[in-house]
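K.L.:
next come a sequence and a model predicted from it.
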Amino acid sequence: MPLSDTKLRSIAGKPYAGEPELSDRDGLSVRITNKGTISWQYRFRFKRKPARLTLGRYPDLKLKDARELIPEIRGIIAKGLDPRQAWKANNEDGGMVTIADCVEKFLSVRAPKLKKRTQDTYSSVLNLHFKPLYPNE
């Protein structure tokens, strides 16, 4: 039986003792933790082996949106590509804010309102000490 938004809303964020996995359709399912965290997963076969791809969490990824991702993933599989690798490549940064982004934003928005020597000090400290701590971000 396909999932409904009503069922997912009734489970989300509440203690849950039911089945840990509920199927929707077309290989789409949700995994539910005891605390009511719901994660979308797509089950598929790649090179004759069963595999899973985690798509996101409910309610960040709605039922309708999760269902709309399935044809795209199937297209990737039809091309002979591993959808897990394609998914990772497409969502690697996923709009995450990095330390470098924060430093640049601060220096462009806040620093111009400060005195010149203060701007130079902040720029020096942020670029010399914060950015190198997180080089892969």
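P.N.:
The structure has been received and is ready for your questions.
K.L.:
which SS state does residue 54 fall under?
P.N.:
When the structure is reduced to helix, strand and coil (DSSP: H, G, I helix; E, B strand; the rest coil), residue 54 reads as strand.
K.L.:
partners of it in the sheet?
P.N.:
residue 41 (DSSP bridges).
K.L.:
surely it touches residue 41?
P.N.:
Yes - taking contact to mean C-beta atoms under 8 Å, the distance of 5.4 Å between residue 54 and residue 41 places them in contact. Just so you know, the C-beta spots here come from the backbone N, C-alpha and C atoms, and that holds for glycine as well.
K.L.:
between the two, which one's more packed in?
P.N.:
A count of neighbours by other C-beta atoms under 10 Å puts residue 41 above the other of residue 54 and residue 41, at 19 against 12.
K.L.:
show me the contacts for the more buried one.
P.N.:
21, 28, 29, 30, 31, 52, 53, 54, 55 (C-beta atoms under 8 Å, 6 or more residues apart in numbering).
K.L.:
centre-most residue in this structure?
P.N.:
residue 56 (5.6 Å; C-alpha atoms, centre = their mean).
K.L.:
quick one, what contacts that one?
P.N.:
By C-beta under 8 Å, 6+ apart, the residues touching residue 56 are 39, 40, 66.
K.L.:
about what we covered before: which one of the contacts of residue 41 is nearest residue 82?
P.N.:
residue 53 (9.3 Å; C-beta to C-beta).
K.L.:
now do the contacts for the nearest residue in space to the closest one that is not next to it in sequence.
P.N.:
Once flanking residues are discounted, residue 53 sits nearest to residue 42: 4.7 Å by C-beta to C-beta, 6 or more residues apart in numbering. Under the criterion of C-beta under 8 Å, 6+ apart, the contact partners of residue 42 comprise 27, 28, 29, 52, 53, 55, 69, 70, 73, 83.
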